[in-house]
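Novice: based on what follows, work out the 3D shape:
(one chain, ligands or ions: 1)
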Amino acid sequence: MLPSLDNLSLLELQELAVSLGEPKFRGEQLYGAVLRGKEFSEITNLPKAFIEKVSEKYTAQSLTVHSVYTSRDKSQKYLFTLSDGNIIESVFMPHSYGDTVCVSTQCGCRMGCVFCASGEGGLVRSLTAGEIFGQVIQINRRSYSNFDGGVRNITNIVLMGSGEPLDNYDEVVRFVNLANEVKGLNISRRNISLSTVGIVPNIYRLADENVGVTLAISLHASDDNTRNTLIPMNKKYPIEDIIKAAKYFVEKTGRRVCFEYAMTGLENSSINSAKHLARLVKGFQTHVNLIPLNFVKEKDVKPASEQRINAFLETLTSLGVSATIRFSSGGDSNAACGQLRARFLTQSGEARKNTPTTQRERLNSKSDGSK
Ligand code: SAH
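Specialist: Predicted coordinates:
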């Protein structure tokens with residue numbers, strides 16, 4: 001399997017051009033073409049001999065569009081095929097304040113949260129920075145008819161698709177740098193939101209290494225007993241450690257932390273839990289996003305009623321917590337939070353038939369408990 005050019009920075013592409021006996025600016029031209037999602041056959045402004053030499057060692061793009069589903073709310077779910085045949089998902093969400101792409105950071109996931117479809121079948125593998133960036137490049141290319149006129153259209157990225165970004169730390173940070181390149185898509189670091197289940201040591205790294213992204217933490221419960229039943233990782237990184245790391249992040253970066261809180265019909269949406277949550281998140285810069293749970297058929301965790309969600313919000317607000325209810329896009333195309341990927345793998349007849357063997361084998365091996 002050849003490496004791909006979307007995994008390389010502008011500087012690295014310039015070095016590549018020079019190493020192949022071409023001037024540096026050829027590397028910059030190549031970079032422009034890669035950012036526009038072009039395959040080698042579509043690149044017409046570079047010498048053929050140069051493109052031939054590059055294509056002996058690299059592919060231009062790390063993924064191709066498999067299919068696109070459009071929701072009533074205009075969000076679009078993309079399925080992509082990776083060069084090893086695995087399939088990943090992303091969601092494009094057009095908004096008045098700027099267009100957002102929700103990207104996957106892993107194929108599958110090993111966190112095993114009980115309400116989330118992304119982990120069905122465990123982790124297949126982590127994605128490279130280029131495979132994460134490629135999702136943005138391909139969606140950018142297809143979303144704007146005037147795309148060739150300029151390179152920047154998508155303004156926001158959320159690392160909230162399949163996978164746990166802090167379980168793929170190095171590639172995710174490399175991806176942030178690729179997306180942030182001033183001569184490239186130039187997406188501001190604070191417009192990149194990273195959502196984590198709470199891998200505590202890597203929250204400290206994010207703060208210390210000045211990665212600059214906006215941090216969201218999937219808390220989903222305000223006491224360890226409840227969180228243990230929803231998020232297996234809580235046994236390793238319990239709530240107290242997560243809150244400590246969040247406080248450190250706020251102190252170090254001066255930026256607030258968002259807590260994601262999926263409202264199940266279970267204990268986590270009780271008034272008692274709301275009071276407990278208020279105690280945890282008060283006193284430092286935070287915001288709580290209440291997410292009405294999207295029902296995932298394979299998981300069978302029931303969502304909280306609207307009334308219960310409103311009562312929870314009122315309790316938080318009355319205790320001085322900054323909180324809102326967040327409705328996720330794409331429910332009718334199975335593109336909403338937590339619904340990604342599993343539907344494709346387990347339900348859709350045509351798509352199921354096309355599921356690459358590598359992934360099917362992994363899914364089948366789930367019964368032995370392997371991740
Ligand atoms: N691994 C990262 C990113 C996962 S997806 C994390 O845990 O944060 C982004 C968000 O969707 C997380 O907050 C996740 O807990 C939430 N989510 C997963 N399944 C969901 C569901 N069925 N309904 C609503 N939110 C869900």
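Novice: where's the most centrally placed residue in the chain relative to the ligand, distance?
Specialist: Among the residues of the chain, the one closest to the centroid is L159, at 2.6 Å (Cα atoms, centre = their mean). To the ligand, L159 is 7 Å away according to Cβ to the nearest ligand atom, to the nearest Å. (Each C-beta comes from the backbone N, C-alpha and C, glycine too.)
Novice: what does I157 give?
Specialist: Taken as Cβ to the nearest ligand atom, the span from I157 to the ligand is 13 Å.
Novice: that residue: what secondary structure?
Specialist: What DSSP: H, G, I helix; E, B strand; the rest coil gives for I157 is strand.
Novice: need the contact list for it.
Specialist: I157 makes contact with 100-103, 136, 179, 187, 191-193, according to Cβ atoms under 8 Å, 6 or more residues apart in numbering.
Novice: OK, contacts around the residue nearest to the centre of the chain?
Specialist: 103, 105, 132, 165, 172, 192-195, 213.
Novice: before we move on, the earlier item: among the contacts of I157, find me the one that's closest to F25.
Specialist: A179 (22.8 Å; Cβ to Cβ).
Novice: looking at that closest one now. What's its pLDDT?
Specialist: Looking at A179, its pLDDT is 97.
Novice: tell me the residues of the chain that contact the ligand?
Specialist: 111, 113, 115-116, 160, 164, 195-197, 218, 260, 262, 291, 293-294, 296, 337-338 (Cβ under 6 Å from any ligand atom).
Novice: run the last query once more with 5 Å
Specialist: 115-116, 160, 164, 195, 197, 218, 260, 262, 291, 293-294, 296, 337-338 (Cβ under 5 Å from any ligand atom).
Novice: which one of the contacts of L159 has the most neighbours?
Specialist: Among these, the one with the most neighbours (other Cβ atoms under 10 Å) is I132, at 33 neighbours.
Novice: about what we covered before: mind checking which of the contacts of I157 are in helices?
Specialist: 136, 179 (DSSP state H).
Novice: now distance to A33 too, for the contacts of I157, in JSON lines please.
Specialist: Output for the contacts of I157, formatted as JSON lines (distance: Cβ to Cβ, whole Å):
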{"residue": "T100", "distance to A33": "25"}
{"residue": "V101", "distance to A33": "20"}
{"residue": "C102", "distance to A33": "26"}
{"residue": "V103", "distance to A33": "21"}
{"residue": "V136", "distance to A33": "16"}
{"residue": "A179", "distance to A33": "17"}
{"residue": "I187", "distance to A33": "19"}
{"residue": "N191", "distance to A33": "25"}
{"residue": "I192", "distance to A33": "24"}
{"residue": "S193", "distance to A33": "29"}
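Novice: ok, so of the contacts of I157, who is nearest the ligand?
Specialist: Of all the contacts of I157, C102 has the smallest distance to the ligand: 8.2 Å, by Cβ to the nearest ligand atom.
Novice: find the nearest non-adjacent residue to that closest one, please.
Specialist: Nearest residue to C102, sequence neighbours excluded (Cβ to Cβ, 6 or more residues apart in numbering): V91, at 4.2 Å.
Novice: just the helices in the stretch 1-150 of the chain please.
Specialist: 10-19, 24-35, 48-57, 129-143 (DSSP state H, counting those that start in this stretch).
Novice: T81 is nearest to which of those helices?
Specialist: So among those, helix 129-143 is nearest, using Cβ to Cβ, at 10.9 Å.
Novice: before we move on, back to that, bridging residues for the residue nearest to the centre of the chain?
Specialist: Legend: beta-bridge partners of L159 under DSSP bridges are L194.
Novice: same question for Q76.
Specialist: Beta-bridge partners of Q76, as defined by DSSP bridges: T70, F92.
Novice: number of nearby residues for it?
Specialist: Residues near Q76, counting by other Cβ under 10 Å, number 22.
Novice: is it true that it touches Y69?
Specialist: Yes - using Cβ atoms under 8 Å, Q76 and Y69 qualify as a contacting pair, with a distance of 6.7 Å.
Novice: quick check: which element contains L277?
Specialist: Secondary structure from DSSP states H and E places L277 in helix 271-281.
Novice: flag every buried residue along that helix.
Specialist: 273-274, 276-278, 280-281 (16 or more other Cβ atoms under 10 Å).
Novice: follow-up on the earlier one: so which of the helices of the stretch 1-150 of the chain is nearest L313?
Specialist: The nearest among those, by Cβ to Cβ, is helix 129-143 at 32.3 Å.
Novice: which stretches in the protein count as strands?
Specialist: Secondary structure of the chain (DSSP state E): strands at 63-70, 76-82, 87-93, 99-102, 106-108, 123-126, 154-159, 192-196, 214-218, 257-263, 286-292, 323-325.
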